[in-house]
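Q: Attaching a predicted model along with its sequence, questions to come.
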Amino acid sequence: MALSTASESRRAGPQDPMPSVSTHDSSGAKLKNFKFVFVTGGPGSGKSTQCAKIVENFGFEHLSAGDLLRAEQNSGTEIGNMIKDLIKEGKLVPSEVTVKLILKAISESTNDKFLIDGFPRNEENREVWDRVTGLKPEFILFITGSEEEMERRVLSRTGGRDDDNVETIRNRFKVFNESTLPVIKRYETNTTVHKVNGLHSADEVFASIRPLFELIVQAS
């Protein structure tokens, strides 16, 4: 089941276990000293493949917003049960929850370089991240491609998501175009956005990405 972090249909009420969100861990300093890149692109753009190559070659840790939500949903925690209930009721997961899970993963990691994949997906995600953390990415990696080719890729891959069918894929494109693209355009006013054609071979795409991450590692 796909998990959405769009603006929620309702805000959490007094009975909801809405987490407080902090940019500090128990030591009070962890989240002040890390580097991160937002990775975005439509379904089938090759984000996961490129993230795996970046992890292997440059030692980044890959954090998928969707994976973090799914893991928390299945954890049996109070927040996980809240996520499960919201989805069951057809409601959307508050952005504060997603930001908290990302920051929790960062604080628990021994790494100091992160790929944050699939976030921000919409303007509310961006606003909450900016308000809570005040942190900007090193840059945004935007992997592009034609919808026709990306759709073909998604439909042809094995072991894909349960919702990898034409109708849901096209709806995911619609959501990306209507919700995520405007966020990317907004970031272009104050953050570097590197657009990379994801329709070449995986090795060719990575060859164009590699210099961007070499600069981050060299500056560390």
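A: Arrived safely.

Q: mean confidence for stretch 45-56?
A: In this model, stretch 45-56 has an average pLDDT of 96.

Q: go on, stretch 94-101?
A: 94.

Q: If we go by neighbour counts, what in the helix ranked longest in the chain is buried?
A: Once the chain is assigned using DSSP state H, the helix that runs over the most residues is helix 202-219. Along helix 202-219, these residues count as buried under the neighbour rule (16 or more other Cβ atoms under 10 Å): 205-206, 209, 212-213, 216. (Glycine included, C-beta is placed from N, CA and C.)

Q: Next SSE downstream of the strand or helix carrying residue 143?
A: Using DSSP states H and E, residue 143 sits in strand 140-144. Once the chain leaves strand 140-144, the next helix or strand it forms, by DSSP H and E, is helix 147-156.

Q: show me where this protein has helices.
A: 47-58, 65-73, 78-88, 95-108, 123-133, 147-156, 166-175, 181-187, 202-219.

Q: Check which helices and strands the first one is in contact with.
A: Counting contacts by 3 or more Cβ pairs under 8 Å, 6 or more residues apart in numbering; DSSP states H and E, helix 47-58 packs against strand 35-41, strand 61-64, strand 113-117, strand 140-144, helix 202-219.

Q: quick revisit: in the strand holding residue 143, which residues are buried?
A: For strand 140-144, using 16+ other Cβ under 10 Å, the buried residues are 140-143.

Q: which residues of this protein score low on pLDDT?
A: 1-32, 158-164 (pLDDT under 70).

Q: Of all residues in it, which one is nearest the centre?
A: Ranked by distance to the mean C-alpha position of the chain (Cα atoms, centre = their mean), the top residue is residue 118 at 2.4 Å.

Q: For that residue, which non-adjacent residue is spatially closest?
A: Spatially, and ignoring its direct neighbours in sequence, residue 118 is nearest to residue 65 (4.4 Å; Cβ to Cβ, 6 or more residues apart in numbering).

Q: thought the one you found was touching residue 119?
A: Yes - the pair residue 65 / residue 119 is scored as a contact, 3.9 Å apart, by Cβ atoms under 8 Å.

Q: thought residue 63 was touching residue 111?
A: No - in this structure residue 63 lies outside contact range of residue 111 using Cβ under 8 Å: 9.8 Å.

Q: circling back to that earlier point, from the middle of its chain, how far away would the longest helix of the chain be?
A: In terms of Cα atoms, centre = their mean, to the nearest Å, the centre of helix 202-219 is found 19 Å from the chain centre.
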